[in-house]
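Asker: Sharing a model prediction with you, sequence too.
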Amino acid sequence: MKLLDVQNLRTTFHIEAGQVQAVRGISFHVNKGESIGIVGESGSGKSVSMLSLLKLLPSNAKLEADSVLFDGIELVKTDQKAMRKMLGNDIGMIFQDPMTSLNPLFTIGEQIMEPLRIHQKLSKEEARKKAIEILRTVEIPSPESRLKQYPHEFSGGMRQRVMIAIALSCSPKLLIADEPTTALDVTIQAQILDLMRDLRNKMDVSIVMITHDLGVIANMCNRIVVMYGGTIVEQGTTREIFYEPKHPYTWGLLRSIPQFSEGEKKKLISIPGSPPDLLRPPQGCAFAARCPHAMKICEKLPPQQISLSDTHQAACWLMHPKAAPHAKEVIS
Ligand SMILES: Nc1ncnc2c1ncn2[C@@H]1O[C@H](COP(=O)(O)OP(=O)(O)OP(=O)(O)O)[C@@H](O)[C@H]1O
């Protein structure tokens with residue numbers, strides 16, 4: 001059953017130089033209880049897509065969509081006030097850098113208790129009890145004394161645990177995590193991902209995890225959406241994306257995951273070239289200029305999404321039934 005269903009979302013920023021077409025018609029969904037990963041290089045439109053659904057865009061942005069259904073409610077028609085109520089109640093968010101999201105002037109306890117008092121109308125004592133309980137859930141030791149401390153008294157990993165606690169305190173149906181572990185070192189990163197996986201199972205929350213690193217979501221997400229140049233180039237189950245990837249950009253992302261074999265570090269292959277300028281997006285496939293397999297048509301016309309299974313779609317001319325025989329060899 002779908003919790004979030006996004007159809008043809010477009011976001012444009014009006015700047016002096018013209019219009020930045022940051023998100024160019026994306027459609028995807030999140031089922032109840034599942035985790036999806038949105039992956040792509042910097043500037044591919046991952047964060048703007050999420051901020052668009054939540055109507056958290058700056059005033060120079062224009063948002064259009066055929067439909068954005070969240071738990072049966074059409075968000076395209078929902079006003080800012082209702083949206084704000086939904087945020088922190090039905091939808092929780094975690095960002096990359098907890099230090100910018102936490103207020104340095106208030107204790108951790110005050111910051112966890114505030115949404116509980118506002119959204120769930122709990123008394124001060126009830127909110128304190130709930131805050132202790134939730135700090136325990138995110139595995140912060142001695143929660144009673146930790147409540148009285150300020151953000152700077154916590155390590156980076158602990159601060160991110162606090163952010164997760166705040167995001168989950170009102171038992172949201174959906175948790176959006178934007179690069180939640182990027183600022184942390186590898187060991188702490190793994191601990192936070194383990195924690196999020198545990199919480200998803202315990203709390204029955206759906207998760208959208210935004211990242212530029214496919215490796216981060218391999219063990220965490222059921223499905224993966226691959227974004228490039230403001231479009232979705234491929235989406236499928238984690239198995240389909242890792243074992244049967246069909247888009248040359250996904251191949252590039254997979255080659256750029258660090259792999260260790262018998263203690264030896266394999267060479268990392270990055271994708272040559274740079275992402276398209278979204279002020280003047282390319283006419284055809286956004287990836288054509290960097291694609292080693294690009295054909296003439298790739299530069300002229302955007303490829304349509306082709307369904308490979310009920311769960312797997314990719315937008316690439318190589319898969320077109322009329323593509324030349326060499327294209328079929330590349331793709332198989
Ligand atoms: N306020 C803004 N005004 C103009 N352009 C913007 C604004 N915010 C984002 N953009 C542009 O929208 C595009 C998509 O940005 P977005 O932040 O969604 O990318 P991303 O994939 O999340 O990358 P990152 O991982 O670096 O955050 C980029 O080209 C970015 O420059």
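Answerer: Great, that's in hand. Here the structure is a predicted model, which is why all the values come from computation and not from measurement.

Asker: Just the pLDDT at Leu87, thanks.
Answerer: Looking at Leu87, its pLDDT reads 86.

Asker: Oops, could you answer that again for Leu116 instead?
Answerer: On pLDDT, Leu116 comes in at 89.

Asker: Equivalent analysis for Ala165, please.
Answerer: We have a pLDDT of 89 for Ala165.

Asker: Tell me who's in contact with it.
Answerer: Ile112, Ala131, Ile134, Leu135, Thr137, Val138, Ile140 (C-beta atoms under 8 Å, 6 or more residues apart in numbering). Glycine gets a C-beta too; all of them are placed from N, C-alpha and C.

Asker: how about 7 Å then?
Answerer: Ala165 makes contacts with Ile112, Ile134, Leu135, Val138, as judged by C-beta atoms under 7 Å, 6 or more residues apart in numbering.

Asker: just checking, Phe28 touches Met227?
Answerer: No - under the criterion of C-beta atoms under 7 Å, Phe28 makes no contact with Met227, lying 9.5 Å away.

Asker: Compare neighbour counts for those two and give me the winner.
Answerer: Neighbour count, other C-beta atoms under 10 Å: between Phe28 and Met227, Met227 has more, with 25 against 19.

Asker: what helix or strand does the more buried one sit in?
Answerer: Element membership for Met227, per DSSP states H and E: strand 223-228.

Asker: so who does Ile297 touch?
Answerer: Under the criterion of C-beta under 7 Å, 6+ apart, the contact list for Ile297 reads Trp317.

Asker: and if we set it to 8 Å?
Answerer: Contacts for Ile297 (C-beta under 8 Å, 6+ apart) come out as Gly284, Trp317.

Asker: Could you confirm it falls within a strand?
Answerer: No - under DSSP: H, G, I helix; E, B strand; the rest coil, Ile297 sits outside any strand and is assigned helix.

Asker: Next one: Lys124 from Asn89, what distance?
Answerer: 19 Å (C-beta to C-beta, to the nearest Å).

Asker: how about Trp251, phi and psi?
Answerer: phi -60, psi -40 (degrees, to the nearest 10).

Asker: now check stretch 17-27, is it near the ligand?
Answerer: Yes - shown here: stretch 17-27 in contact with the ligand (C-beta under 6 Å from any ligand atom) through Val20, Ala22.

Asker: List the strands paired with the strand holding Met227, with their directions.
Answerer: strand 35-39 (parallel), strand 231-237 (antiparallel) (DSSP bridges).

Asker: how near is Ile140 to Ile176?
Answerer: Distance of Ile140 to Ile176, given as C-beta to C-beta: 22 Å.

Asker: So for stretch 180-195, what gets flagged as buried?
Answerer: For stretch 180-195, a neighbour-count test (16 or more other C-beta atoms under 10 Å) marks Pro180, Thr181, Ala183, Leu184, Ile188, Gln189, Gln191, Ile192, Leu193, Leu195 as buried.

Asker: and if you look at stretch 138-148?
Answerer: Using 16+ other C-beta under 10 Å as the test for burial, stretch 138-148 gives Val138, Glu139, Ile140, Pro143, Arg146, Leu147.

Asker: which residues touch the spatially closest residue to Lys202 that is not a sequence neighbour?
Answerer: Closest residue to Lys202 apart from its sequence neighbours, by C-beta to C-beta, 6 or more residues apart in numbering: Thr137 at 7.7 Å. By C-beta under 8 Å, 6+ apart, the contact list for Thr137 reads Ala165, Leu168, Leu199, Lys202.

Asker: What is the burial count for the third one?
Answerer: Spelled out, that is Leu199. Counted with other C-beta under 10 Å, Leu199 comes out at 20.

Asker: got the contact list for it?
Answerer: Residues in contact with Leu199 (C-beta under 8 Å, 6+ apart) are Thr137, Val138, Ile164, Leu168, Val205.

Asker: so who does the third one touch?
Answerer: It refers to Ile164. Under the criterion of C-beta under 8 Å, 6+ apart, the contact list for Ile164 reads Ile94, Val138, Pro180, Ile192, Leu195, Met196, Leu199.

Asker: same check, this time on the second one
Answerer: Taking C-beta under 8 Å, 6+ apart as the definition of contact, the neighbours of Val138 are Arg161, Val162, Ile164, Ala165, Leu168, Leu195, Leu199.

Asker: Could you pull up phi and psi at it?
Answerer: Main-chain dihedrals, Val138, degrees, to the nearest 10: phi -90, psi 20.

Asker: Looking at Lys124 and Asn89, which has the bigger crowd around it?
Answerer: Between Lys124 and Asn89, counting by other C-beta under 10 Å, Asn89 is the more crowded of the two (16 against 10).

Asker: Let me know whether that one touches Lys173 as I believe.
Answerer: No - using C-beta atoms under 8 Å, Asn89 is not in contact with Lys173, being 9.3 Å away.

Asker: Quick check: phi and psi at Tyr150.
Answerer: Dihedral angles (degrees, to the nearest 10) for Tyr150: phi -100, psi 160.
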